[in-house]
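>>> build the 3D model from these lines:
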Amino acid sequence: MAAPNPTPTPTPLPPPPPPAPRPARYDFLNSKPPPNYVAGLGRGATGFTTRSDIGPARAAPDLPDRSASSAAAPAVGRGRGKPPGEDDGDDDGGDEEKGYDENQKFDEFEGNDAGLFSNADYDDDDREADAVWESIDQRMDSRRKDRREARLKQEIEKYRASNPKITEQFADLKRKLADLSAQEWESIPEIGDYSLRNKKKRFESFVPVPDTLLEKARQEQEHVTALDPKSRAAGGTETPWAQTHVTDLTAVGEGRGTVLSLKLDRLSDSVSGLTVVDPKGYLTDLKSMKITSDAEISDIKKARLLLKSVTQTNPKHPPGWIAAARLEEIAGKLQAARELIQRGCEECPKNEDVWLEACRLASPDEAKAVIARGVMSIPNSVKLWLQAAKLETSDLNKSRVLRKGLEHIPDSVRLWKAVVELANEEDARLLLHRAVECCPLHVELWLALARLETYDQARKVLNKAREKLPKEPTIWITAAKLEEANGNTQSVSKVIERCIRSLQREGMEIDREAWLKEAEAAERAGSVLTCQAIVKNTIGVGVDDEDRKRTWVADAEECKKRGSIETARAIYAHALTVFLTKKSIWLKAAQLEKSHGTRESLDALLKKAVNYNPRAEVLWLMAAKEKWLAGDVPAARAILQEAYAAIPNSEEIWLAAFKLEFENNEPERARMLLAKARERGGTERVWMKSAIVERELGNVSEERRLLEEGLKLFPSFFKLWLMLGQMEDRLGHGAKAKEVYENGLKHCPSCIPLWLSLASLEERISGLSKSRAVLTMARKKNPATPELWRAAIRAELRHGNKKEADSLLAKALQECPTSGILWSAAIEMASRPQRKGKSSDAIKRCDHDPHVIATVSKLFWIDRKVGTARNWLNRAVTLAPDIGDFWALYYKFELQHGTPDTQKDVLKRCVAAEPKHGEKWQAISKAVENSHLPVEALLKKAVVALDADEILNAAVAGA
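Numbering: from 1, shown residues only. Presented below is the predicted three-dimensional model:
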């Protein structure tokens, strides 16, 4: 029987491994948080970053742990792995196998040194190689440094340009603050605090005032008429301290210290712990310093310490001593200032500024002694000798001092000039002889000596001066003036010619502009011949032949503007020797003589002009007119006869002869001249003048015959149609006048005066509707014509159609937006409150239109702005001197608000302008009864007409 199998004994299980030690509960506080971790984000918190979270602007490098154990270990390779044999307690040994610490920050350039040589020793060869590579890196970096810095600078400038600071954005506005006056600055209002917190009503609590405070206030404000017992015991001469107001001395001291520190910051700066003062800048500040408070006294004390430091640290610095002395002078301690500047003289004996300051601070009795020591220390100082001469009271002593100075400084021009000024004429001549020997290169001394000598001696002196100074043109010019002053007119031009040749031999460049200035200076000195000689010999230097005429005329005009008439006359005279047949230059010269010369000089010039230019009509006419204006009518006739002989078929000369006879009340002579002109084939102007003569003589039939014959020959000349229509209208033949105007418009459809005359005639004969139709037709055939629009507007206004006139004005301004006469009408038609706006619009549209300017001046006149109105009227007559209406308005204004002088001035300017146009002016000047009236009489009649218009307008407005 087999034995039963034994029951197997179970194998005991190994004990479980001990549990790993649990980490500390708050160990995560010492570890680095994961990227983008925000505490509390899961429960809705919002993350934010502070300056402490960001850290410094540049992160510090991660350095290996240099503990005591690692410091004792032998040096290993360049890698940052741990040395062999070191165990960090980790069973898996992962760090030893990797050769580096996983928690170590990765270096982008060197990596983790986990390569082949991570455990190699770092020996001297490695160190030497690193040094070599480092020097190479530095060398390469220095080569690229300039380009890198330039690129960085460019990027910075670009960034600042695209993102400017607020201070840069308002820099131009800040610069404009420099132009603000003190009144404008004070007028800037103070801004208040409009923040919301100040708008909220704060809780105010009121507490009862203690009785002690009320009692103290009562005691301070009461008036005591009896002495205190304590004061009475002392005889009334002492005040008990308990009754005085106690001041917080601590607060006063703190405030004074703050003011002192602010002012001292302007006086000094600190460099490496040492106080530095700019003595020169401090000298300037001391000039405007005034001691008005205790704080400024403290500033003086601080500045005294600073300047004392300057003089002690650098005693050889003269401005420091001067500044210290002036500080004491401002502080009122004149004796201390003198002592300081005396020490400065001892420390800096070779500085003339210190001696001059010592002389200024010294008393009058000691000043001479001080300046004497100064000239002994610095005998070559011109300033000290001049100051020594100033201290003397008599001219004799001053001259002695200056001569003593010349013994030490014989080549000082300032000393020679000073001593010559003190001497009489004879002594001055002797002194100047010695001066030119000591200072032969100073031209002023030579010229002064020449002025004191006689004629012969002066020539010798100037010859010596030319030898010493061959490149000085002033000597030659003075020689020319000398010859002119002594009557040697022929030598003047020779001297200037020799001067130019000599300077050119010396290599001097002849500056034409500079010589013209010398010519003007000679003219101002009264040396006309010298001026002419300079112009003659230098005007053509450096000017091309094709540019001579233009350049010389421009030079003459510039000299004329500067008032150098003789120089301009000399330029024209020289130009006429070169361009004998240039009519424009003769006219310019004639205008110059007319404005600034005499009648004799003008007649002589015009006689020469017509001799060289016999075919120039304008010169003949100008010569005849000048004779006529001078009252010499026979001479004017003779000149016109010569002109007709030179230019037989000249219509201008025929008409000038007619005007001469007509204006001098010789109608028969005028009629004969015009008859001859018509026989020789005269133009339409001859026929028109013939009709004018017959109209004045009252020969209606002859006038009609001439006009009809003229129209057969010249049907397109509108003035003949106009004169014929006006004649029929004047005779009361309205139908014939209408027919003439209509026939004229067939030949001259673009003639605006014919349209206006026909419309006026239709308004008088047939009424407004017919006149309106005529003006409408005229505007269709002549669009954009302001005169036609104005006539239509005035016609509506005359019949009381204000709305229709306004509508026409609006259409007119749309068609002619820059018309001055329309804008003028708009201003006059506007109501008083709207005139200012209309005026502004008109000035914007047509700023320089005389009609607008004259209308605006009327508004100023109405508002009693006399000065402004006068300026605007003057501007109007300046822009359009040919319009007589503006002169009449200006003269009327001066009659009301001006003085007799201003009235005469306006009258004189009007006569010189000889106006020919203007609505009122033409109607008055072309009337038969006014045909021979002068401009002055016509102006006064125009003023009367303006007054009548004002009365009529006022009556219409009142109705």
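>>> all contacts plus neighbour counts: C-alpha atoms, from now on.
OK.
>>> for the stretch 501-650 of the chain, give me the ranges with low pLDDT.
For the stretch 501-650 of the chain, no stretch is flagged by pLDDT under 70.
>>> please enumerate the strands of the protein.
Here the chain has its strands, by DSSP state E, at 269-271, 274-276.
>>> could I get the average pLDDT for stretch 455-475?
Here stretch 455-475 scores 84 as its mean pLDDT.
>>> ok, stretch 730-741 next?
90.
>>> and for stretch 129-146?
Averaged across stretch 129-146, pLDDT comes to 86.
>>> quick one: contacts of it?
Residues outside stretch 129-146 that contact it (C-alpha atoms under 8 Å, 6 or more residues apart in numbering): none.
>>> also stretch 168-184?
Against stretch 168-184 from outside (C-alpha under 8 Å, 6+ apart): no residues.
>>> using PDB, list the CA coordinates for it.
Taking Å, rounded to 0.1, in the frame of the first residue of the first chain, the C-alpha atoms of stretch 168-184 are listed here in PDB:
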ATOM      1  CA  GLU A 168       8.000 115.800 -29.200                       C
ATOM      2  CA  GLN A 169       4.500 116.100 -30.700                       C
ATOM      3  CA  PHE A 170       4.000 119.400 -28.900                       C
ATOM      4  CA  ALA A 171       7.500 120.700 -29.500                       C
ATOM      5  CA  ASP A 172       6.500 123.200 -32.200                       C
ATOM      6  CA  LEU A 173       3.700 124.500 -29.900                       C
ATOM      7  CA  LYS A 174       6.100 124.900 -27.100                       C
ATOM      8  CA  ARG A 175       8.500 126.900 -29.300                       C
ATOM      9  CA  LYS A 176       5.600 129.300 -30.200                       C
ATOM     10  CA  LEU A 177       5.300 130.100 -26.400                       C
ATOM     11  CA  ALA A 178       8.400 132.100 -26.800                       C
ATOM     12  CA  ASP A 179       6.500 134.700 -28.800                       C
ATOM     13  CA  LEU A 180       3.900 135.200 -26.100                       C
ATOM     14  CA  SER A 181       3.900 138.600 -24.400                       C
ATOM     15  CA  ALA A 182       3.500 139.000 -20.700                       C
ATOM     16  CA  GLN A 183       0.000 140.200 -21.100                       C
ATOM     17  CA  GLU A 184      -1.000 137.200 -23.300                       C
END
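>>> how about it: buried residues?
Neighbour-count burial for stretch 168-184, counted by 16 or more other C-alpha atoms under 10 Å, picks out no residue.
>>> chain center to it, what's the gap?
Centre-to-centre, stretch 168-184 and its host chain are 17 Å apart (C-alpha atoms, centre = their mean, to the nearest Å).
>>> quick one: average pLDDT of it?
80.
>>> in stretch 615-630, what's buried?
A616, E617, L619, W620, L621, M622, A623, A624, K625, E626, K627, W628.
>>> how about low-confidence regions in the stretch 701-850 of the chain?
Using pLDDT under 70, nothing in the stretch 701-850 of the chain is flagged.
>>> if we can go back for a sec, turn the buried residues of stretch 615-630 into TSV, including distance to V492.
Below are the buried residues of stretch 615-630 laid out as TSV (distance: C-alpha to C-alpha, whole Å):
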residue	distance to V492
A616	35
E617	38
L619	33
W620	35
L621	37
M622	35
A623	33
A624	37
K625	37
E626	34
K627	35
W628	39
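>>> count the residues that sit near P318.
As a burial measure, P318 scores 24 neighbours (other C-alpha atoms under 10 Å).
>>> ugh, typo on my part, it should be K803
11.
>>> next one: W654
23.
>>> list the contacts of it.
Y644, L673, L674, A677 are the contacts of W654 under C-alpha under 8 Å, 6+ apart.
>>> just the closest of those residues to E566, please.
Using C-alpha to C-alpha, Y644 comes nearest to E566 of these, at 34.2 Å.
>>> pretty sure the closest one contacts S650?
Yes - using C-alpha atoms under 8 Å, Y644 makes contact with S650 at a distance of 7.1 Å.
>>> of the two, which one has the most company?
Higher neighbour count among Y644 and S650: Y644, with 19 against 16, using other C-alpha under 10 Å.
>>> so what are the domain limits for the protein?
Segmentation of the chain into domains, based on the TED database, reads 293-452, 470-579, 849-958.
>>> how about those, which one is nearest K158?
Nearest of the domains of the chain (C-alpha to C-alpha): domain 293-452, 44.7 Å.
>>> centre of the chain to the closest one, how far?
Relative to the mean C-alpha coordinate of its chain, domain 293-452 is positioned 41 Å out (C-alpha atoms, centre = their mean).
>>> and that domain, average pLDDT?
According to the model, domain 293-452 has a mean pLDDT of 83.
>>> ok so, going back, will you turn the domains of the chain into JSON lines that also has distance to N36?
Listed next are the domains of the chain as JSON lines, based on distance: least, C-alpha to C-alpha, whole Å:
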{"stretch": "domain 293-452", "distance to N36": "59"}
{"stretch": "domain 470-579", "distance to N36": "81"}
{"stretch": "domain 849-958", "distance to N36": "76"}
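>>> among these, which is nearest A810?
Going by C-alpha to C-alpha, the one of the domains of the chain nearest A810 is domain 849-958, 16.9 Å.
>>> and the residue nearest to I565 when sequence neighbours are not counted, what does it touch?
Using C-alpha to C-alpha, 6 or more residues apart in numbering and skipping residues adjacent in sequence, the residue nearest I565 is C559, 6.8 Å away. C559 makes contact with I565, T567, A568 under the criterion C-alpha under 8 Å, 6+ apart.
>>> tabulate the residues you listed (TSV), appending neighbour count.
Output for the contacts of C559, formatted as TSV (neighbours: other C-alpha atoms under 10 Å):
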residue	neighbour count
I565	21
T567	27
A568	27
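>>> export those as a markdown table, with columns for distance to K836.
Formatted as a markdown table, those follow (distance: C-alpha to C-alpha, whole Å):
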| residue | distance to K836 |
| --- | --- |
| I565 | 46 |
| T567 | 50 |
| A568 | 47 |
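>>> between those, which sits nearest V401?
After measuring those against V401 - C-alpha to C-alpha - the closest member comes out as T567, at 46.2 Å.
>>> pretty sure the closest one sits against E520.
Yes - taking C-alpha under 8 Å as the definition, T567 is a contact partner of E520 at 6.1 Å.
>>> and for those two, which residues touch both?
C531.
>>> follow-up on the earlier one: of the domains of the chain, which is nearest R705?
domain 849-958 (18.9 Å).
>>> show me what counts as buried in stretch 937-957.
L938, L939, K941, A942, V943, A945, L946.
>>> give me the number of neighbouring residues for the nearest residue to the third one once chain neighbours are set aside.
Sequence neighbours aside, I924 is the residue nearest to K941 in space, at 7.4 Å (criterion: C-alpha to C-alpha, 6+ apart). Using other C-alpha under 10 Å, the number of residues around I924 comes to 18.
>>> what sits against I924?
With contact taken as C-alpha under 8 Å, 6+ apart, I924 is in contact with N930, L938, K941, A942.
>>> any figure for the gap between A675 and W823?
47 Å (C-alpha to C-alpha, to the nearest Å).
>>> out of the two, which sits in the more crowded spot?
Set A675 next to W823 and count neighbours by other C-alpha under 10 Å: W823 wins out with 28 against 15.
>>> so who does that one touch?
Per C-alpha under 8 Å, 6+ apart, neighbours of W823: L813, K838, A842, V852.
>>> and with 10 Å instead?
Taking C-alpha atoms under 10 Å, 6 or more residues apart in numbering, we find W823 in contact with 786, 809, 812-813, 816-817, 829, 838-839, 841-843, 845-846, 849, 851-852, 855.
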